[in-house]
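**Q** With the sequence up front, the predicted model follows.
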Amino acid sequence: MNGPVWLVPFFPLVGFIINGLFGKYLNRMMVTLIACGAAGLSFIWSVILFFRLSALPPDARIYVEKLFDWIVAGRFYAPAEFHLDPLSAVMILVVSGVGFLIHVYSHGYMGHDQSYARYFSYLNLFMFSMFLLVLGSNLLVMFIGWEGVGLCSYLLIGFWFEKKSASDAGKKAFIVNRIGDFGFLLGIFLTFVTFGTINMQEISIQAPELLAMGGGLATAITLLFFMGATGKSAQIPLYIWLPDAMEGPTPVSALIHAATMVTAGVYMVARLSALFVMAPVSMGVVAIIGAVTAIFAATIAITQFDIKRVLAYSTISQLGYMFLACGVGAFSAGIFHLMTHAFFKALLFMCAGSVMHALSNEQDMRYMGGLKNKIPKTFITMLIGTLAISGIPGLSGFFSKDEILWYAFSAARGHWLLWLIGAVAAGITAFYMFRLIFMTFFGKERLKSEARHHLHESPPVMTIPLMILAVLSIIGGYVGIPHVLGGHNNFAQFLDPVIAKVPTHGDVHHSAALEIILMIISVIIALTGIFVAYRLYVVDPKLPVRIGERFAQLRTVLYNKYYVDEIYGFLFVKPFIKLSELLYNVADKVFIDGTVNLTGYGAVWTGEVIKWFQTGYLRNYIVTFMVGVVILVGYILFG
């Protein structure tokens with residue numbers, strides 16, 4: 001295969017350097033051209049690489065490009081090396097394509113921000129870091145990208161650092177992810193000790209030979225890696241940073257939630273599928289955490305009024321679906337949903353940004369309503385994204401979501417209870433997403449006076465990316481039409497050579513009729529969610545208030561997000577603050593400062609003693625000299 005892979009991350013790296021160092025000397029249009037041009041060139045080159053890779057026979061679609069020897073220490077070898085195969089090819093297409101549209105959209109959304117060049121330099125750095133993560137051929141290169149997206153999330157979530165809430169949210173994301181990254185690092189160490197290499201292709205080959213099926217070593221390695229995934233991809237118990245990440249600019253939310261950071265954990269689990277299939281316990285944990293997170297986050301979303309926070313909890317829930325798929329061994333289905341989710345979730349966040357742009361940055365849905373005819377392009381595109389995430393037949397989300405639900409039920413490591421949780425979560429998703437649509441675009445207008453005077457549709461630089469993503473949200477799932485609907489699931493076939501298979505003790509067969517029935521049931525559940533939202537927020541808008549009053553305690557618990565932040569604050573944050581204060585007052589002030597101060601006091605005391613012998617009078621020195629002579633002579637004569 002011809003063509004350097006390193007060009008994909010190189011373009012945004014150059015954009016970051018130019019805008020980061022010289023952006024303040026350039027006009028805004030030049031900054032935009034550099035940043036968007038870098039993202040666009042990465043996308044064009046990713047498309048070229050994708051088609052070149054697809055032209056090869058399926059068993060030859062692996063290309064390794066070594067740049068240089070990076071770390072060579074004894075038997076530890078970590079080259080700077082890129083790995084292009086079907087999985088990484090799909091990822092770079094998603095990251096570069098969606099990332100480019102977000103860059104273009106940002107030109108309109110952030111056009112009046114004072115730190116325009118800084119913003120775009122961070123966006124380019126974000127894409128560069130994500131490319132490193134998905135293209136790295138070994139765990140260390142992946143980890144550099146892994147930490148890079150963590151750094152960029154901190155910089156962009158806290159982009160408006162003048163606001164305390166934004167700076168606090170950035171710190172929260174950074175600290176929570178350090179917990180997960182600690183597990184990731186331990187996983188790398190244990191993997192090297194076990195395999196003698198950190199090259200992921202070599203690990204995949206050796207895993208069946210060196211690891212016992214269901215053994216403690218395989219379980220330990222995979223659980224450590226999954227600990228890192230729960231941080232980056234916002235799963236229980238490390239999901240708490242993602243809702244607060246809404247403090248950053250809305251295009252940043254789109255980039256984090258759709259194409260970069262939160263997809264890293266899902267990609268990592270799929271990339272290391274050869275390890276995970278050797279650890280049934282770990283896969284069970286992944287499936288259960290994914291299913292529980294999916295319904296847990298969905299129940300929180302139904303009570304939120306901040307339009308971006310609803311979408312944030314939606315992302316946490318959808319990531320749960322992806323991990324549910326990986327946990328039952330359907331890694332390709334998880335990546336398929338990752339791709340379709342990138343389309344409609346980027347669309348939904350950017351539509352939310354368009355609504356906020358029209359309403360002077362208003363985010364509370366209680367102060368919206370009646371916008372359907374005022375901002376029609378935003379409404380139509382957001383409706384398409386909402387239909388897609390709700391799993392309505394014919395749109396991309398239907399194909400990827402129902403594939404996950406089918407495998408959750410039918411796979412050797414699936415279970416009907418996992419399917420039920422996923423199906424119920426899908427119904428709740430349809431409910432809260434159409435609740436968002438009805439509260440924002442339908443009913444009586446509830447705008448504040450400033451928003452009413454400012455109301456207007458977004459400019460083409462913002463609406464054209466919405467239209468492109470809306471089209472992708474419709475057609476993006478047709479690359480994975482299941483066999484039962486007359487397709488061949490080309491997406492799964494494309495990934496098949498690089499995804500490990502779960503060993504089974506005999507084939508598990510289910511009829512096509514059963515798959516159709518479960519598909520129909522999931523669609524009925526989704527339609528029921530939509531109907532309930534319509535009944536509550538269009539037909540009788542006062543009914544939610546009465547229901548809330550009747551179930552006041554439950555509503556309070558959901559609105560306060562099960563008080564998880566408060567529980568973590570009581571169990572972890574406050575004790576660590578107390579411990580820090582203790583260490584400061586004892587270890588720092590008493591021992592460290594005390595030792596330094598004691599040295600100073602000792603020098604002062606020594607000076608005070610010695611100064612009595614330094615009077616400056618010659619007679620005193622002669623007397624002292626004579627006393628010394630007498631003592632010395634006496635010692636010589638009588639000693």
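**A** In hand now; what should we look at?
**Q** switch to C-alpha atoms for all contacts and neighbour counts from now on
**A** Will do.
**Q** so where do the helices sit in the stretch 501-639 of the chain?
**A** With DSSP state H, counting those that start in this stretch as the criterion, the stretch 501-639 of the chain has helices at 512-534, 543-550, 552-559, 564-568, 574-582, 593-610, 618-638.
**Q** got a markdown table for those helices, with distance to Gln201 too?
**A** Shown next, in a markdown table, are these (distance: least, C-alpha to C-alpha, whole Å):
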| stretch | distance to Gln201 |
| --- | --- |
| helix 512-534 | 34 |
| helix 543-550 | 54 |
| helix 552-559 | 44 |
| helix 564-568 | 39 |
| helix 574-582 | 41 |
| helix 593-610 | 52 |
| helix 618-638 | 83 |
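**Q** Packed most tightly, which of those would that be?
**A** helix 512-534 (a mean of 18; mean count of other C-alpha atoms under 10 Å).
**Q** which residues touch it?
**A** Residues from elsewhere that reach helix 512-534 (C-alpha atoms under 8 Å, 6 or more residues apart in numbering): 390-393, 402, 406, 423-424, 426-432, 434-435, 438, 484.
**Q** Name the strands paired with the biggest strand by length in the chain and say parallel or antiparallel.
**A** Longest strand in the chain by number of residues (criterion: DSSP state E): strand 63-73. Paired strands of strand 63-73, with direction, are strand 76-84 (antiparallel) (DSSP bridges).
**Q** got the buried residues for the strand it pairs with?
**A** 77-84 (16 or more other C-alpha atoms under 10 Å).
**Q** any low-confidence regions in the stretch 351-500 of the chain?
**A** Along the stretch 351-500 of the chain, segments meeting pLDDT under 70 are nowhere present.
**Q** mind listing the helices for it?
**A** 376-389, 396-410, 416-441, 449-454, 460-475, 490-495.
**Q** and the second one, what other elements does it pack with?
**A** Here helix 396-410 touches helix 307-327, helix 331-358, helix 376-389, helix 416-441, helix 460-475, helix 512-534, going by 3 or more C-alpha pairs under 8 Å, 6 or more residues apart in numbering; DSSP states H and E.
**Q** how many degrees apart are it and helix 376-389 in direction?
**A** 10 degrees (axes from the mean of the first three to the mean of the last three C-alpha atoms, to 10 degrees).
**Q** can you dump the C-alpha coordinates of helix 396-410 into PDB?
**A** The C-alpha coordinates for helix 396-410 follow below in PDB (Å, rounded to 0.1, in the frame of the first residue of the first chain):
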ATOM      1  CA  SER A 396     -28.700   5.000  11.000                       C
ATOM      2  CA  GLY A 397     -29.400   4.600  14.700                       C
ATOM      3  CA  PHE A 398     -32.000   1.900  14.000                       C
ATOM      4  CA  PHE A 399     -29.500  -0.400  12.400                       C
ATOM      5  CA  SER A 400     -26.700  -0.100  14.900                       C
ATOM      6  CA  LYS A 401     -28.900   0.000  18.000                       C
ATOM      7  CA  ASP A 402     -30.900  -3.000  17.000                       C
ATOM      8  CA  GLU A 403     -27.800  -5.000  16.100                       C
ATOM      9  CA  ILE A 404     -26.500  -4.400  19.600                       C
ATOM     10  CA  LEU A 405     -29.900  -5.500  21.200                       C
ATOM     11  CA  TRP A 406     -30.000  -8.600  19.000                       C
ATOM     12  CA  TYR A 407     -26.500  -9.700  20.100                       C
ATOM     13  CA  ALA A 408     -27.300  -8.800  23.700                       C
ATOM     14  CA  PHE A 409     -30.100 -11.400  23.400                       C
ATOM     15  CA  SER A 410     -28.600 -14.000  21.100                       C
END
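**Q** Could you dump the helices of the stretch 351-500 of the chain into JSON lines with mean neighbour count and distance to Leu583 added?
**A** Output for these, formatted as JSON lines (neighbours: other C-alpha atoms under 10 Å; distance: least, C-alpha to C-alpha, whole Å):
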{"stretch": "helix 376-389", "mean neighbour count": "23", "distance to Leu583": "49"}
{"stretch": "helix 396-410", "mean neighbour count": "27", "distance to Leu583": "49"}
{"stretch": "helix 416-441", "mean neighbour count": "24", "distance to Leu583": "45"}
{"stretch": "helix 449-454", "mean neighbour count": "13", "distance to Leu583": "50"}
{"stretch": "helix 460-475", "mean neighbour count": "21", "distance to Leu583": "51"}
{"stretch": "helix 490-495", "mean neighbour count": "18", "distance to Leu583": "52"}
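**Q** mind checking which of these is nearest Glu549?
**A** Nearest to Glu549 among the helices of the stretch 351-500 of the chain is helix 416-441 (18.3 Å), distances taken as C-alpha to C-alpha.
**Q** now the closest one against helix 331-358, angle please.
**A** Using the same axes, to 10 degrees: helix 416-441 against helix 331-358 is 20 degrees.
**Q** thinking again about what came up before, reformat the helices of the stretch 501-639 of the chain into JSON lines and put distance to Ala169 and mean pLDDT next to each item.
**A** Listed next are the helices of the stretch 501-639 of the chain as JSON lines, based on distance: least, C-alpha to C-alpha, whole Å; pLDDT from 0 to 100:
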{"stretch": "helix 512-534", "distance to Ala169": "31", "mean pLDDT": "94"}
{"stretch": "helix 543-550", "distance to Ala169": "29", "mean pLDDT": "90"}
{"stretch": "helix 552-559", "distance to Ala169": "19", "mean pLDDT": "92"}
{"stretch": "helix 564-568", "distance to Ala169": "13", "mean pLDDT": "93"}
{"stretch": "helix 574-582", "distance to Ala169": "17", "mean pLDDT": "90"}
{"stretch": "helix 593-610", "distance to Ala169": "33", "mean pLDDT": "85"}
{"stretch": "helix 618-638", "distance to Ala169": "71", "mean pLDDT": "83"}
